[in-house]
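In: structure for the following, please:
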Amino acid sequence: MDAIQQQFVHFLEKHQITLSALQLEQFEQYFKTLVEWNEKMNLTGITEREQVYLKHFYDSLSVSFNFDMSSISTIADIGSGAGFPSIPLKIAFPHLKVTIIDSLNKRILFLKELVSQLGLTDTECVHGRAEDIARLPKYRDQFDLVTARAVARLQVLNEFCLPFVKKDGTFIAMKGSEIEEELSESAYSLSELKGKVIKVLKMQLPVEESLRHFVEIQKLAATPAKYPRKAGLPLKEPLMKR
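Out: Presented below is the predicted three-dimensional model:
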């Protein structure tokens with residue numbers, strides 16, 4: 001274990017996350033595969049090793065700092081990009097059954113290759129728009145936890161993500177430093193999609209100290225039949241009182 005991994009382990013142990021030698025190997029393989037594929041397609045602007053460990057791996061695992069992963073079994077990650085936060089969560093919490101949904105097939109091909117290289121089980125990578133996939137009975141109202149990391153504004157994310165959450169399940173939106181305006185403008189979409197903000201937590205990333213917010217939303221009832229609207233509409237016409 002070198003200095004970068006030692007720092008990673010140290011930061012995680014402060015949050016009661018202990019990684020085995022195998023899990024550390026998986027994170028290192030993840031880094032290598034990410035950088036290798038990034039030369040062929042744009043997966044991330046962050047490729048420096050210490051930064052990947054901090055801004056991608058540690059940042060992804062921060063979802064679990066205030067949420068009990070042992071209490072859930074299924075997680076869906078919407079617009080996952082290069083696999084954040086779901087793949088780091090799967091490595092650290094192998095019991096999770098993970099479904100990743102992304103609209104870009106090239107990213108899904110990368111994720112399938114990554115899952116194979118890391119030897120991850122119970123991990124499904126689905127190519128499609130969230131609005132279309134959420135209409136399929138296999139995925140609608142099915143997941144204990146749904147995550148999205150900096151994909152869109154909250155009023156849009158609610159329509160992308162809440163249809164996947166089962167009743168009494170949780171949606172956690174991972175956001176940057178500014179959150180107040182998004183919270184207030186998302187009230188209508190929350191009521192329409194049967195969600196309720198339970199808490200908003202903030203965290204400072206170690207070393208570089210940038211701010212992160214976690215908006216934890218509970219799903220109160222099944223998704224109304226009219227949602228999500230057809231692909232493209234949530235972004236073009238976000239849900240708001242007219």
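In: hey, where'd the strands end up in this protein?
Out: Taking DSSP state E, the strands of the chain run over residues 74-78, 97-102, 123-127, 143-149, 165-175, 195-204, 211-219.
In: what's the biggest helix by length in the chain packed up against?
Out: Across the chain, the longest stretch assigned as helix under DSSP state H is helix 21-38. Secondary-structure packing of helix 21-38 (3 or more C-beta pairs under 8 Å, 6 or more residues apart in numbering; DSSP states H and E): helix 3-13, helix 86-92, helix 105-118. Where you see a C-beta, it was placed from the backbone N, CA and C, and this is true even at glycine.
In: could those be laid out in TSV, adding mean neighbour count and mean pLDDT?
Out: As requested, those are exported to TSV (neighbours: other C-beta atoms under 10 Å; pLDDT from 0 to 100):
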stretch	mean neighbour count	mean pLDDT
helix 3-13	15	96
helix 86-92	24	98
helix 105-118	17	96
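In: looking at those, which is closest to residue 141?
Out: If you check each of those against residue 141 by C-beta to C-beta, helix 86-92 wins as the nearest, at 19.1 Å.
In: pLDDT weak spots in the protein?
Out: In the predicted model of the chain, residues 242 satisfy pLDDT under 70.
In: just to revisit the earlier point, how about a markdown table for the helices and strands packed on helix 21-38, with distance to residue 62 added?
Out: Putting these into a markdown table (distance: least, C-beta to C-beta, whole Å) gives the following:
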| stretch | distance to residue 62 |
| --- | --- |
| helix 3-13 | 10 |
| helix 86-92 | 10 |
| helix 105-118 | 20 |
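In: so residue 149 touches residue 83, yeah?
Out: No. With contact defined as C-beta atoms under 8 Å, residue 149 does not reach residue 83; the gap is 10.1 Å.
In: ok, the two, which is more surrounded?
Out: residue 83 (29 against 21; other C-beta atoms under 10 Å).
In: give the contact list for that one.
Out: Residue 83 makes contact with 30, 77, 100, 111, 114, according to C-beta atoms under 8 Å, 6 or more residues apart in numbering.
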